[in-house]
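Novice: structure of the sequence below:
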Amino acid sequence: MSANEPKALPDPKEIAETYAEVAQRASHLITAHMKRQMKKGISAPSDELGIAQAFMDMMAKMLANPFQMAQAQMNLVWDYFSLWQHSMLRSMGMEAAPVAMPKKGDKRFADAQWEEHFLFDFVKQSYLITARHIHDAVGNVEGLEDISKKKVNFFTRQFIDALSPSNFAATNPEVLRETVRTHGQNLLKGFNNLLRDIEEGDGQLRVKMTDPSAFEMGKNVATTPGKVVFQNEMIQLIQFTPTTKQQYKRPLLIIPPWINKYYILDLRESNSWIKWCTDQGHSVFVISWVNPDAKLAMKGFDDYLTEGALTAIDKVCEQTGEKELNLIGYCLGGTLLGSTMGYMAAKKDKRIASATFFVALLDFSIPGELGVFIDEGQIASLEKKMEERGFLEGSEMGGTFNMLRSNDLIWTFVVNNYLMGKDPFPFDLLYWNSDSTRMPYKMHSYYLRNMYLNNLLREPGGITLLDTPIDISKVKTPSYFISTIEDHIAPWRSIYLGSNVLGGPVRFVLGGSGHIAGIVNPPSANKYGFWTNEAKTRPETPDAWFEGAKQHEGSWWTDWQKWITDLDDTKVPARDPVKGKLKVIEDAPGTFVSFRLDTQNK
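Specialist: Numbering: from 1, shown residues only. Down below sits the predicted model:
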């Protein structure tokens, strides 16, 4: 029997068990929800994000220009008329050019029936036409404040994405086929999956992206051998076991973001940056940040500098006996790296011989769509929440990032889990993505206000750390910036502007793809490519840089390796973490990274 043929009627016992499980879960969730509501009391809905006000402002401006509204409506009617003609021709078996086409790579409409069957083709094109006109109508409203315009555009897109016909059983050809094939069991199993996700989210829907039970830290993720050689309240410092007889004299210290865990750079052997660097002959160290709770609520940016970056630098030098080292900062870790370099420059500390910034912002003037969530009102509201419990819950931050790519990171899984009734596929990247971390109240408030809201890091003396004014323009260290052209979290143009602030020689490279895939891009994959600009005079603007840039095939990793070894390729006998001056605490990946919020209390 083929996969598309209806299968035999389901076992009555299996149906009964599934219904019983659904009923039990539903009853439990309803009871828990009622208890929570009674405990909270009835209150008016809040508008912490300022969405309602932004849309009210938009409607007022739109209604003030009735001619523009009428023109938009006529354009919509004309496109609908063209679509009706197209569909009539298709229904009679005649060829006709489509009125609207999905963007290249839009996986929502990958099923052949969306194009081959005239009815599904009509539904698809009708949606695409309506989506385009809605977005154009709200996006072209004149006189709207910039922050309100960003909110309207962003949340209109969320609304449009949510209403895609691919998200509904009755209008998704793939779901309809599965429903016929399984006699509706996919929908029943999907409903059970939905209740399970609400249950595991303690009353909130947290769409499961992968099967966490398929992975084990140190076994099939975070597998590069090494030792934890230092630990304090904030970090574990990991030194990885050498794979070459000699290593570069300057050790390499990686500062990952504390908003995520370090093993994004060590998912599996074939795409591990850490393993690759070790194989190239680097003595690799990485900071593994603690996943903070309320006890660490008052840990601030100063503490991440002292107990994190500066302590790690001290310990790497102590372990290796070296006075110079190379540093890498990924995303938020790169912002901390820039701040650390500014502090060390003020103290005449020259131990950082080179700095590499992975998709890291030093200039926050172009925050991208994250700017939708950052204004005085929203930060004040967030601070109130964080003050009550001492931290920002990791799942809340993760939900925000997922919204930036809602079709890929939300609705794909809604269809798979709840409409198709399937379990999520085991995928190491999504396992890491769901491994959320908390943000301490004091640190996160400081970061949002001083970096994102006021963009003070780039200003000489704009921020003060450990009673020291920070001026990153005083940094003379050679630096390498890798950004990615499709990055929604750290836009490459803003990264370029930040790279211009530093006072030393800078190599700026633009990789393909996005915030994660563009970085975790090993040479063996031969994907995406990258751009460089070898002009002697550094262009002032990112667009001017791109105009003179040359595209290369393959991975930027090899470009970085040439850059770092051109600075100094002196080698020494390989450093075994067991034989260093620091006492080994435990095997990598260590206990800090192994702590998962989504497996607690279960």
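
Novice: do you know how far the residue of the chain positioned farthest from its centre is from M397?
Specialist: Within the chain, M92 marks the point farthest from the mean C-alpha position, 46.6 Å out by CA atoms, centre = their mean. To M397, M92 is 53 Å away according to CB to CB, to the nearest Å. Glycine gets a C-beta too; all of them are placed from N, C-alpha and C.

Novice: re the thing from before, give me the phi and psi for the residue farthest from the centre of the chain.
Specialist: Per-residue torsions, M92: phi -100, psi 10 (degrees, to the nearest 10).

Novice: so who does it touch?
Specialist: With contact set as CB atoms under 8 Å, 6 or more residues apart in numbering, M92 has no partners.

Novice: and T591, how far from Q231?
Specialist: Relative to Q231, and taking CB to CB, T591 is found at 9 Å.

Novice: low-confidence regions, the chain specifically.
Specialist: Scanning the chain for pLDDT under 70 picks out 1-47, 598-602.

Novice: now do the contacts for the most centrally placed residue in it.
Specialist: The centroid of the chain falls nearest to F401 when counting by CA atoms, centre = their mean (5.3 Å). Taking CB under 8 Å, 6+ apart as the criterion, F401 is in contact with L409, I489.

Novice: what secondary structure does it sit in?
Specialist: Classification of F401 by DSSP: H, G, I helix; E, B strand; the rest coil places it in helix.

Novice: what's the separation between it and A131?
Specialist: On the measure of CB to CB, F401 and A131 end up 23 Å apart.

Novice: same thing with S499?
Specialist: 36 Å.

Novice: which one of the two has more residues nearby?
Specialist: The neighbour comparison of S499 against A131 (other CB atoms under 10 Å) goes to S499, with 23 against 18.

Novice: which helix or which strand is home to the residue nearest to that one when sequence neighbours are not counted?
Specialist: Once flanking residues are discounted, S499 sits nearest to F481: 4.5 Å by CB to CB, 6 or more residues apart in numbering. In this assignment (DSSP states H and E), F481 forms part of strand 479-484.

Novice: can you name every helix or strand that that strand contacts?
Specialist: strand 352-358, helix 492-499, strand 506-511, helix 556-567 (3 or more CB pairs under 8 Å, 6 or more residues apart in numbering; DSSP states H and E).

Novice: got the contact list for that strand?
Specialist: The contact list for strand 479-484 (CB under 8 Å, 6+ apart) reads 354-360, 490, 492, 495-496, 498-499, 502, 504-515, 517-519, 530, 556, 560, 563-564.

Novice: also stretch 63-73?
Specialist: Applying CB under 8 Å, 6+ apart, the external contacts of stretch 63-73 come out as M62, H133, D136, A137, N140, V141, E142, G143.

Novice: and those, which is closest to S283?
Specialist: Minimum distance to S283 across the contacts of stretch 63-73 is 54.6 Å, recorded for D136 (CB to CB).

Novice: do you know how far the nearest residue to that closest one once chain neighbours are set aside is from R132?
Specialist: Nearest non-adjacent residue to D136, counting by CB to CB, 6+ apart: A72, 7.1 Å away. A72 is 11 Å from R132, where distance means CB to CB.

Novice: who touches both of the two?
Specialist: Joint contacts of A72 and R132 (CB under 8 Å, 6+ apart) do not exist.

Novice: please say which of the two ends up with more neighbours.
Specialist: Ranked by neighbour count (other CB under 10 Å), A72 and R132 place A72 first, with 18 against 15.

Novice: show the backbone phi and psi for the more buried one.
Specialist: According to degrees, to the nearest 10, the main-chain angles of A72 amount to phi -60, psi -40.

Novice: switch to numbering from 40
Specialist: Taking 40 as the first residue, the last one we looked at is A111.

Novice: got a quick ChimeraX command for the buried subset of the contacts of strand 518-523?
Specialist: Here is the ChimeraX command that picks out the buried ones among the contacts of strand 518-523, judged by 16 or more other CB atoms under 10 Å:
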select :393,394,395,396,397,398,399,529,531,534,535,537,538,541,545,546,547,548,549,550,551,552,553,554,556,557,558,569,595,599,602,603
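
Novice: T630 and Q270: which is more packed in?
Specialist: Taking other CB under 10 Å, T630 and Q270 do not tie; Q270 has more neighbours (18 against 14).

Novice: for that one, grab phi and psi.
Specialist: Q270 has phi and psi values of phi -150, psi 140 when expressed as degrees, to the nearest 10.

Novice: got a list of what it touches?
Specialist: Neighbour list for Q270: L276, I624, G629, F631 [criterion: CB under 8 Å, 6+ apart].

Novice: the spatially closest residue to K610 that is not a sequence neighbour: neighbour count?
Specialist: Nearest non-adjacent residue to K610, counting by CB to CB, 6+ apart: Q285, 4.3 Å away. Neighbours of Q285 under the rule other CB under 10 Å: 13.

Novice: separation between Q285 and N330?
Specialist: In this view, Q285 and N330 are 36 Å apart by CB to CB.

Novice: tell me which residues touch the closest residue to N565 other than its chain neighbours, please.
Specialist: Nearest residue to N565, sequence neighbours excluded (CB to CB, 6+ apart): G593, at 5.6 Å. Listed by CB under 8 Å, 6+ apart, the contact partners of G593 are P562, N565, G568, F569.

Novice: how much space between the second one and A170?
Specialist: Distance of N565 to A170, computed by CB to CB: 35 Å.

Novice: my guess is K610 contacts Q319. True?
Specialist: No: using CB atoms under 8 Å, K610 is not in contact with Q319; the gap is 11.3 Å.

Novice: neighbour count: the two, which is higher?
Specialist: Neighbour count, other CB under 10 Å: between K610 and Q319, Q319 has more, with 19 against 14.
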